[in-house]
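Student: Fold the following for me, if possible:
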Amino acid sequence: MLRFKGCQHFRQRLVCSTLSGRPIRIDDIRAADPESPGLRDFEASFLRLLEKLTNGCAVEINETGTSLRYRPGVVVCGSGLSHECGGARSIGYFLEPLLLLGLFGKKPLTITLRGITNDATDPGVDTFRTVTLPLLRKALGLEDGLELRVVSRGAAPGGGGEVVLRVPLVKQLGAVKMEDEGMVKRIRGVSYSMKVSPQVTNRMVDGARGVLNDLLADVYVFTDATSGASSGKCPGYGITLVAETTSGCLLSAEACYTAPRRQVGGTGLH
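Tutor: Numbering: from 1, shown residues only. Okay, here's the model as predicted:
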């Protein structure tokens, strides 16, 4: 059994343990924190997600939550799965390990994730959809099957967003060689808003183009002003930009304004 200390690289340790089949033990998880020692809610939620994706895994947590034993199971995946990500971290926190585990499943993965789609802590769903998935398709040689569909958006702290991730079976993983970054030839992006005036998205587009057009002519930013049931439970807005280079690389940047997590009402910078 491999032993670790501390809460650093929590997801990476569990993912590597699951893929390698080696049990691990993590001690001193925030043991020095007098007010809130042990696992956080989003880490416990990730453990529950692992139980849904695998068969035969076992998790043992002590009373204070500062020590964890994890015995991995077989990665099965499957369709019709769903998971509530909660309001502590966004859906992007769970998407990163899901993409890795889904590639090694015995069945294709189809899972619905509910929670916060965009915040200032984790990568937003637009970055996954426009950057991560296209690069994975190129690296794995996939034509279709790898998809992230945004059903509704949800800002922090209330969430209310929903996405559907599909990961197909991959027979083998080839070598990835991406050494030439290339020169930027075009920039695309999406400006989104939830429960605020649609004029906010237009102002973000004008601000981005005002900077980027001095450097590049081929700039286009889409707008996505959601309202009603598809806009989640809290107000928020942001922008995601993607630069495509001559060598096929994708470079992304994003910014997001949401209400503070401890204050559901009103708007502010998170």
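
Student: so what's the backbone phi/psi at residue 130?
Tutor: In this entry, residue 130 is assigned phi and psi values of phi -100, psi -10 (degrees, to the nearest 10).

Student: what number of residues lie near it?
Tutor: By other Cβ atoms under 10 Å, 20 other residues sit near residue 130. Where C-beta positions appear, they are placed from N, C-alpha and C, glycine not excepted.

Student: Could you list the low-pLDDT ranges of this structure?
Tutor: When the per-residue scores of the chain are filtered using pLDDT under 70, the ranges that remain are 261-270.

Student: Quick one: the helices in it, in order.
Tutor: Counting by DSSP state H, one finds helices in the chain at the ranges 10-20, 41-53, 91-102, 125-127, 133-140, 199-212.

Student: Quick check: which of those helices is nearest to residue 177?
Tutor: Distances from residue 177 to each of the helices of the chain were compared by Cβ to Cβ, and the smallest falls on helix 133-140, at 9.2 Å.

Student: So what touches the closest one?
Tutor: 99, 103, 142-143, 146-148, 170, 173-174, 176, 248, 250 (Cβ atoms under 8 Å, 6 or more residues apart in numbering).

Student: Among those, which ones are in strands?
Tutor: In strands, defined here by DSSP state E, the members of those are 147, 148, 250.

Student: Can you add distance to residue 113 and mean neighbour count and give the helices of the chain back as TSV?
Tutor: Shown next, in TSV, are the helices of the chain (distance: least, Cβ to Cβ, whole Å; neighbours: other Cβ atoms under 10 Å):
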stretch	distance to residue 113	mean neighbour count
helix 10-20	15	18
helix 41-53	9	18
helix 91-102	5	22
helix 125-127	9	26
helix 133-140	15	16
helix 199-212	24	15
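
Student: Walk me through the domains of this structure.
Tutor: The chain breaks down into these structural domains: 1-76, 184-258 (assignment by automatic domain parsing).

Student: Residue 92 is nearest to which of those domains?
Tutor: domain 184-258 (10.2 Å).

Student: Centre of the chain to the closest one, how far?
Tutor: 18 Å (Cα atoms, centre = their mean, to the nearest Å).

Student: So what would you say the end-to-end distance of it is?
Tutor: One end of domain 184-258 to the other measures 30 Å (Cα to Cα, to the nearest Å).

Student: Use 34 as the first number from now on
Tutor: Right, with 34 as the first residue, what we last looked at is domain 217-291.

Student: Any idea how many residues pack against residue 69?
Tutor: Residue 69: 9 surrounding residues under other Cβ under 10 Å.

Student: With adjacent residues omitted, what lies nearest to it?
Tutor: Distances taken as Cβ to Cβ, 6 or more residues apart in numbering put residue 63 closest to residue 69, at 7.0 Å, once the chain neighbours are dropped.

Student: Just put the domains of the chain in JSON lines and tack on distance to residue 158.
Tutor: Supplementary listing: the domains of the chain in JSON lines, determined by distance: least, Cβ to Cβ, whole Å:
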{"stretch": "domain 34-109", "distance to residue 158": "16"}
{"stretch": "domain 217-291", "distance to residue 158": "9"}
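
Student: Would you mind finding the most buried of those domains?
Tutor: Most buried of the domains of the chain by mean neighbour count (mean count of other Cβ atoms under 10 Å) is domain 217-291; its value is a mean of 17.
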